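> pasted the sequence and its predicted model underneath.
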Amino acid sequence: MTINGKSYIVGVYEHPTRKADDKSLPQIHAEVAKGALADAGLGKDDVDGYFCAGDAPGLGGLSMIDYMGLRVRHVDTTETGGSSYVIHVAHAALAIAAGKCNVALITLAGRPRAEGMATGTAPRTPASSTPDAPFEFPFGPTVVNQYAMCAMRHMHEFGTTSAQLAWIKVAASQHAQHNPHAMLRDVVTVEDVVNSPMISDPLRRLDCCVISDGGGAIIVARPEVARSLQRPRVVVRGAGEAVKHQMGGKIDLTYSGAVWSGPAAFAEAGVTPADIKYASIYDSFTITVLITLEDLGFCKKGRGGAFVSDGNLIAGVGKLPFNTDGGGLCNNHPANRGGLTKVVEAVRQLRGEAHPKVQVKNCDVALAHGTGGSLGTRHGSATLIMERE
Amino acid sequence: MSAQERKIPAPPVSPETQPFWDATADGRLMIKKCAGCGQAHYYPRALCPFCGSDRTEWLRASGRGTIYSYSVMRRVPVPYALAYVTLEEGVTMMTNIVDGDLDRIRIGQAVKVVFRPTEGGPPVPMFAPA
């Protein structure tokens, strides 16, 4: 069975808040659900499938279905970190194709800023039963130094430079200046990035994504529902998911699970990287984007530095416009999980509803890619390909 | 400043990994090798991650290796070097690089194991310039 053509993304919503001192976590989940349903032109009672991940409070799906007063016949709480929501779209498409639900709701919410969470530079204490915990936690692995080891190795093997990585942030900032909700709207230069404070060698402050509160939601529906609505139709064409890890100690930090999720998604969609007019690429750090672009086949392994340079990711300038909302690097990284907003901006592009300054002309096929967990240890990779109908 | 000044949290010890920590307390670094497929793996598991066999055996590593990658965390009170070190036996493990100038660490550098105390737990294997 294929999911190609079996379902549509009919509603998306990104919460405008970036610091939610005055809201509870379940409240943000419910607000984004309401926003996406309104965007689709559907009501709460149309939802018969619910998808959420580890950011949902309490017992996850159970707690949120209760809070929102939903009545569903399909629930999926697949947890692969920040890539979860890209996988949720694929799983919703599968469930719809199998007749398990008609209208799937996916929500994400978080308030790490309001809670004062030391997100990037402090080790997060794992549960003692976590199998890797004894062999990693004592050494102080954080989000940033794990990704930094990937960057260090990539530089060593392929000659990638900090200035090349900086171009990724430059492109994101060029886009974020047009997004009134973006946390960081100032345009930056390569010099700004490479002169920003070192966080963990070789990643500097401007190589790192923002920490923000907020969330988002996506509605996936079967074709009959999509055709009854008054919105531009975005069809799900293909998806791939993968988990890459330490391979029992045969560690190679130069590639990601996108080497598996990407080809699976392209094959199911029947397209190639050359067909992609716009790409949302998970950007926890600049290195995440560079490695992912190589692994998805937009350029050869090791050539990512050259590929992202000279504005090649900037809308209206380069060959592959990416993250035109400013991405996690400038706009929003709600709950430290950026996968959902990646899909949202891709849908905006396909509908022609991106900001006019960054809207890609004739944007008919788009890709969204999520990376969850850590490139430096174990992570989920999820690739989704969508087409404007 | 060296990583010795950073407080090292104790590793949570389980029945599965107790022999590893008994060995570190005795100044030995152990890995696991599978009697079924012959491959060494890390971190150590009861069941081989390559072939699934439960015939995994503890093997003392030489303690010599080279740095596969590293990163010096700067935005903390005591900077420290997180690293992956590839052992002579072929497996790559997460660790810290200690006892040297953090600014002189290089990929490919030869290192040897040293053991550092933790807060209330067994010592953990770190690596110093060889």
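Cool, got the structure. Residues are numbered from 1 along each chain as shown, chains lettered A, B, ... in the order given.

> up against chain B, what does the stretch 51-200 of chain A have?
A:121, A:125, A:128-129, A:131-142, A:144-146, A:148-153, A:156, A:197-200 (C-beta under 8 Å from any C-beta of the partner chain). From N, CA and C alone the C-beta is placed, and that goes for glycine too.

> out of the residues you listed, list just those in strands.
Counting by DSSP state E, the part of these found in strands is A:198-200.

> which of those has the largest number of neighbours?
For those, neighbours were counted using other C-beta atoms under 10 Å in any protein chain shown, and A:S200 has the most, 31 neighbours in all.

> hey, what's it bridged with?
When bridges are called by DSSP bridges, A:S200 pairs up with A:L203, B:M73.

> that one contacts A:V144, correct?
Yes - counting by C-beta atoms under 8 Å, A:S200 touches A:V144, with 4.8 Å between them.

> mutual contacts of those two, please.
Common neighbours of A:S200 and A:V144, counting by C-beta atoms under 8 Å, 6 or more residues apart in numbering or on different chains, are A:121, B:73.

> re earlier: which among the residues of the stretch 51-200 of chain A next to chain B count as buried?
A:121, A:133-142, A:144-146, A:148-153, A:156, A:198-200 (16 or more other C-beta atoms under 10 Å in any protein chain shown).

> okay, and which of these map to helices?
A:133-136, A:144-146, A:148-153, A:156 (DSSP state H).

> okay, stretch B:116-125 in PDB with CA atoms only?
The C-alpha coordinates for stretch B:116-125 follow below in PDB (Å, rounded to 0.1, in the frame of the first residue of the first chain):
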ATOM      1  CA  ARG B 116      38.000   9.600  37.200                       C
ATOM      2  CA  PRO B 117      35.900   9.500  40.400                       C
ATOM      3  CA  THR B 118      32.200  10.300  40.300                       C
ATOM      4  CA  GLU B 119      29.800  11.700  42.900                       C
ATOM      5  CA  GLY B 120      29.000   8.700  44.900                       C
ATOM      6  CA  GLY B 121      29.400   6.100  42.100                       C
ATOM      7  CA  PRO B 122      32.100   4.000  40.400                       C
ATOM      8  CA  PRO B 123      34.800   5.800  38.500                       C
ATOM      9  CA  VAL B 124      34.300   6.400  34.700                       C
ATOM     10  CA  PRO B 125      36.700   6.000  31.800                       C
END
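
> tell me, how many neighbours does the closest residue in space to A:R111 that isn't next to it in sequence end up with?
Sequence neighbours aside, A:D213 is the residue nearest to A:R111 in space, at 4.2 Å (criterion: C-beta to C-beta, 6 or more residues apart in numbering or on different chains). With neighbours defined by other C-beta under 10 Å, the count for A:D213 comes to 24.

> so how many other residues sit close to A:F285?
29.

> contact partners for the residue lying closest to it once chain neighbours are set aside?
Using C-beta to C-beta, 6+ apart and skipping residues adjacent in sequence, the residue nearest A:F285 is A:Y147, 4.6 Å away. A:Y147 makes contact with A:203, A:284-285, A:287-288, A:374-376, according to C-beta under 8 Å, 6+ apart.

> so which of those residues belong to helices?
Counting by DSSP H, the part of the contacts of A:Y147 found in helices is A:287-288.

> which pair in the contacts of A:Y147 spans the largest distance?
A:L203 and A:S374 (13.1 Å; C-beta to C-beta).

> so B:A25 makes contact with B:V124?
No - counting by C-beta under 8 Å, B:A25 does not reach B:V124; the two are 10.5 Å apart.

> these two: which has the busier surroundings?
Neighbours per residue (other C-beta under 10 Å) separate B:A25 from B:V124, with B:V124 holding more: 23 against 12.
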